[in-house]
Structure formats: C-alpha cells, structure tokens
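Novice: turn this into a structure:
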Amino acid sequence: MKRAVVTGPAGFVGANLVRRLVGDGHDVHLLVHPDSDLWRLEGLAEHTTLHEVDLEDVDAVSRTMGRVRADWVFHAAAYGAYPYQTDLRRMIATNLVGTVNLVETALAAGVESFVHTGTSSEYGVKDHGPSEDELPEPNSHYAVTKASATLYCRHMARAHGAGIRVLRLYSVYGPWEEPTRLIPRLAVQGLGGTWPPMANPATARDYTYTEDVVDAYVAAATVEGQEPGAVYNIGTGVQTSLQQVTDLVGRQLAVATEPAWGTMADRIWDAEVWVADPSAARAGLGWSARHDVATGVASFLTWLREHPALLRRYERVNG
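Specialist: Numbering: from 1, shown residues only. Got it, this is the predicted structure:
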C-alpha cells in the first residue's frame, strides 16, 4: 500500500484515477480547491481523505504535504481545458504557479514518485504524431501554461535526480467525463435519436479511453529505471475523425437521422491531424492502449446505462 495524493480529483481524469487507487487498496488523499464541485467523487468519502487546498497558496500546500507525507503525487489539477475556462491569470495560477508550489513541497517532503499531467496541446498543430523531444509550439494560452509547467517539471527532475514524470494526454473520454464534451453529447443525443450541432467532419482526435490513461498514471509511478523528467505521449496512436466517431456512435445506438455538418463553428484547436506517437510510453512504461475507439465508446455507453441517475444528469446538461 502506498499513500497517494491526487490533485484535481473532482475533475474527470482525477476522479477516475482516485477510483483506481482506492480499488488497488492505497491510502488516497484528495487535494481539492475550495470551489470544487464534488459530484464525481460520489461514494468515495469513506475511502479517501479530503483536504481543501488552493494550490496557489504555497504555505497551505506545504502544510498539507508535510502532514500527509505521501509516497506518490498525481498532479491532475488544471484550468483552461474547456472553452468556458478563459481567465488567463487563473490558468497561470493553477497550471504553472500551482505546479511549482506542488513540486517544491513534494520534493521537500521526500515524495517517491510525482506524475504531472501534461497535454497534447503543448505541441500545437502538427501534420504528424510528434515525439516527446520535438519543440513545443502551443497555440493557446492554456497550452502555453501547460508547456511551461512541463519544462519546469523536467528541470526540477534533472536538477534533483527526482522521480518526476509527465504524461501528455491526448483526447481522454469515458466515465465521469464532462457532459458537454463530444462523446458524452453524441451518446446522450444519440440515445434520443438525434445529433448535436456538428463542426467539420474531418476534424480528428486520438480518442483514448480513461481506463488506459489511468493505467499510464500507475505505470509512471511504479515502473523502475525511468529517466528523471521523462515525458510520455498517452494516446492510442490512431486518430479518428469526427465523422468516423459519429458514425460509430450512430451504429451502436441505431440512430436513423443524419448529422448536420457545419452547424457548429470550428475551434482554434480543431485540426485534421491530431494523433499520438506512443512509442516512448511503450518502451519506457510498457504501456499501450487496450481499447480502440469502438470498444471504448461501447464501454462508456454501458456505463451510462448502468448509472441512470448520472445519465439523467448528462441529459439535463445537454438539454
């Protein structure tokens, strides 16, 4: 058993990671922002210890890390990944200042493994699956702050010979995902026989199922022989277009209507090539995705059907 700290546990990825760690029998401590909505942590209160901490407050972070004395830290807290999260100063405070505070206090507390959550957005738009040593070319404020945090983590890992690793996540989906994201919207609307507004059908993503992503976090914390500051792309290595994923959901739910392509404006981060090169994760962690997009979507639809109260929540949000 290890004592693990998870930041951002009220978020989509963090909540799935917490459930995995609890299921594996670890002593799990949750660092939540005082304003967090805890709906994703339903049923976990008896199995975890919750600490209200603003990561921007270095004294509060230091006190908490000193009390917990964690073996592992999984840093999944972030701001700016959703279109409605536009406050640049909060991005800097959460994604960069919060990371600096957490890394410094984790090193002072003698943490064994620190796994930082990066993003594929750090690369910017590429015409191929970039490797981890390619120059980051972020094309948004969010991506700039995340790339800066990755550089800081690598610097501190090398300077201190510390067990800090970075996972650059591609398009994660699955249980507990934000209801307004693509696959939950397709699922909820598809269950009703309709489609939401659609952007360019050629828009592509490397959709990576949450169970596989959680496997990568655990591997990053436990696999021996990693270089300090190692960075890994966490994706399937296969991209899927918006049209392909919509067709897939439509077949699984037997939706008869046709999507209305182009009724939603493209976003600045939309691209027709967005795919991971996961070869470093295979070599360094022994990790590869176990779910293709068809099996992952099927698993997500099963989860929705098995949790009617959550399905209703998703339906309300997608109205």
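
Novice: in contact with the residue lying closest to Ser241 once chain neighbours are set aside, which residues?
Specialist: Computed as C-beta to C-beta, 6 or more residues apart in numbering, the closest residue to Ser241 that is not its neighbour in sequence is Ala204, at 4.9 Å. For the C-beta atoms, the positions are set from N, CA and C on the backbone; glycine is no exception. Each residue near Ala204 by C-beta atoms under 8 Å, 6 or more residues apart in numbering is listed here: Gln239, Thr240, Ser241, Leu242, Ala271, Glu272, Val273, Trp274, Val275.

Novice: what about the strands in the stretch 1-150 of the chain?
Specialist: For the stretch 1-150 of the chain, the strands defined by DSSP state E, counting those that start in this stretch cover 3-7, 27-32, 48-52, 72-75, 113-119.

Novice: let's have those strands in CSV, adding distance to Arg158 and mean pLDDT.
Specialist: Below are the strands of the stretch 1-150 of the chain laid out as CSV (distance: least, C-beta to C-beta, whole Å; pLDDT from 0 to 100):
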stretch, distance to Arg158, mean pLDDT
strand 3-7, 22, 98
strand 27-32, 25, 98
strand 48-52, 29, 97
strand 72-75, 18, 98
strand 113-119, 13, 98
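
Novice: nearest to Asp247, of those?
Specialist: With C-beta to C-beta as the criterion, Asp247 lies closest to strand 113-119 of those, at 26.9 Å.

Novice: hey, C-alpha coordinates of the closest one in PDB?
Specialist: Output of strand 113-119 as PDB, limited to C-alpha atoms (Å, rounded to 0.1, in the frame of the first residue of the first chain):
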ATOM      1  CA  SER A 113       7.000   9.500  -7.500                       C
ATOM      2  CA  PHE A 114       5.500  12.600  -8.900                       C
ATOM      3  CA  VAL A 115       3.300  12.300 -12.000                       C
ATOM      4  CA  HIS A 116       2.400  15.500 -13.700                       C
ATOM      5  CA  THR A 117      -0.500  15.800 -16.200                       C
ATOM      6  CA  GLY A 118       0.500  17.500 -19.500                       C
ATOM      7  CA  THR A 119      -1.500  17.800 -22.700                       C
END
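
Novice: which helices and strands does that strand pack with?
Specialist: strand 72-75, helix 98-108, helix 141-160, strand 164-169, helix 210-222 (3 or more C-beta pairs under 8 Å, 6 or more residues apart in numbering; DSSP states H and E).

Novice: for Glu42, which of those is the nearest?
Specialist: helix 210-222 (16.4 Å).

Novice: which elements pack onto that closest one?
Specialist: helix 12-23, strand 72-75, strand 113-119, strand 164-169, strand 171-173, strand 231-234, helix 279-285.

Novice: nearest to Met264, of the ones you listed?
Specialist: strand 171-173 (16.8 Å).

Novice: C-alpha coordinates for the next helix or strand after that closest one, CSV please?
Specialist: Toward the C-terminus, strand 171-173 is succeeded by helix 182-191 as the next helix or strand (DSSP states H and E). In CSV, the C-alpha atoms belonging to helix 182-191 read as follows (Å, rounded to 0.1, in the frame of the first residue of the first chain):
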residue,chain,number,x,y,z
LEU,A,182,-18.1,15.4,-27.7
ILE,A,183,-18.6,11.8,-26.9
PRO,A,184,-21.0,12.3,-24.0
ARG,A,185,-23.0,14.7,-26.2
LEU,A,186,-23.1,12.2,-29.0
ALA,A,187,-24.1,9.5,-26.6
VAL,A,188,-26.9,11.4,-24.9
GLN,A,189,-28.3,12.9,-28.1
GLY,A,190,-27.9,9.5,-29.9
LEU,A,191,-29.9,7.7,-27.2
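
Novice: contacts for helix 182-191?
Specialist: 173, 177-179, 195-196, 207, 242, 245-246, 249-250, 253, 255, 297, 300-301, 304, 311, 314-315, 318.

Novice: so of the residues you listed, which ones are in strands?
Specialist: Tyr173, Tyr207 (DSSP state E).

Novice: in PyMOL, how would I select the buried members of the contacts of helix 182-191?
Specialist: The PyMOL command for the buried members of these (criterion: 16 or more other C-beta atoms under 10 Å) is given here:
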select buried, resi 173+177+178+179+195+196+207+242+245+246+249+250+253+255+297+300+301+304+311+314+318
